[in-house]
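[1] got a predicted structure here, sequence first:
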Amino acid sequence: MKILPSILSADFAHFAADLSDVLGHCSHSLVGGDVIHVDVMDGHLVPNISFGPPVISKIRRAFPDIFFDVHLMIDQPVRYAADHRNAGADRITFHVEAPEVAGDIVGACRAISETGAKVGITLKPGTPLDAIFPALPYVDLVLIMSVEPGFGGQKFMANQLEKCRRITPMLREDQILEIDGGINPDTAKLACDTGVDWFVVGSAIFDAPDRRDAATQFATSILHP
Ligand code: DX5
Ligand code: ZN
């Protein structure tokens, strides 16, 4: 059980110090500190543009021992998988809606896995859960989006919890269930009750008036529900 700071919410003008501060609070509260969530957006699959491999490789140099959980919100996750792996991605999560993977999500899992990265699959809130079923044997993580991907700071969509409830019994012991979007200590508790293991957190930790207090509240929600 851990929270993953989403670097999209970090202060990019003071990036390393800001991220180190948040990771320190997570580690102190025993809710992570060893993993970050990295949102890559191409302006096609989602209506926003963030950053890509050149930026990730710089961050990797500054944080050599952190696990990089990379969420590719891009049309061509297979084409760019090796670039992200070489930049430092430990896991690459792709969207089932990406046009490049249409009709062959198992092939996409294999291609991403061949780069040496672990593989995750995810889906937008409006996509039915069964769209990811063929890929389940080949992924080490399933990510349920609880906002429309593209922006931090949105309201949690409680109707996505049903997907968590349905997928939990379908996953193996070694597979991770992750949730992303609108997660705060209250929504984390709801997700925790459905079987979620990893919680992506952007604004609720980076923008908290007291980050230490926020990390403590997350610990209460997910470690002692
Ligand atoms: C949304 C991103 C999220 C986002 C989460 O497209 O995938 O990772 O940064 O931010 P919050 O926690 O503020 O919803
Ligand atoms: Zn994300």
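    Structure received. Ligands and ions are numbered 1, 2, ... in the order given.

[2] so which residues of this protein form strands?
    Ranges of strands within the chain are 2-5, 35-41, 67-73, 91-95, 118-123, 141-145, 176-180, 198-201, based on DSSP state E.

[3] so which of those is the most packed in?
    strand 91-95 (a mean of 28; mean count of other CB atoms under 10 Å). (Glycine included, C-beta is placed from N, CA and C.)

[4] picking that back up, now the strands of the chain as a markdown table including mean pLDDT and distance to residue 79?
    Shown next, in a markdown table, are those (pLDDT from 0 to 100; distance: least, CB to CB, whole Å):
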| stretch | mean pLDDT | distance to residue 79 |
| --- | --- | --- |
| strand 2-5 | 98 | 25 |
| strand 35-41 | 98 | 13 |
| strand 67-73 | 99 | 10 |
| strand 91-95 | 99 | 11 |
| strand 118-123 | 99 | 15 |
| strand 141-145 | 99 | 20 |
| strand 176-180 | 98 | 23 |
| strand 198-201 | 98 | 24 |
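
[5] and these as CSV, adding distance to residue 83?
    Shown next, in CSV, are those (distance: least, CB to CB, whole Å):
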stretch, distance to residue 83
strand 2-5, 22
strand 35-41, 10
strand 67-73, 11
strand 91-95, 10
strand 118-123, 16
strand 141-145, 20
strand 176-180, 22
strand 198-201, 22
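
[6] turn these into CSV, including distance to ligand 2.
    Compiled in CSV, the strands of the chain are given as follows (distance: least, CB to the ion, whole Å):
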stretch, distance to ligand 2
strand 2-5, 9
strand 35-41, 4
strand 67-73, 4
strand 91-95, 8
strand 118-123, 8
strand 141-145, 7
strand 176-180, 4
strand 198-201, 5
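
[7] output the below-cut-off pLDDT ranges for this structure.
    For the chain, the stretches flagged by pLDDT under 70 are 225.

[8] which residues in it form helices?
    Along the chain, the stretches classed as helices by DSSP state H are 15-28, 53-62, 81-87, 105-113, 161-167, 185-192, 203-206, 211-222.

[9] ligand 2 is nearest to which of these?
    Among the helices of the chain, helix 203-206 comes nearest to ligand 2, with 12.4 Å by CB to the ion.
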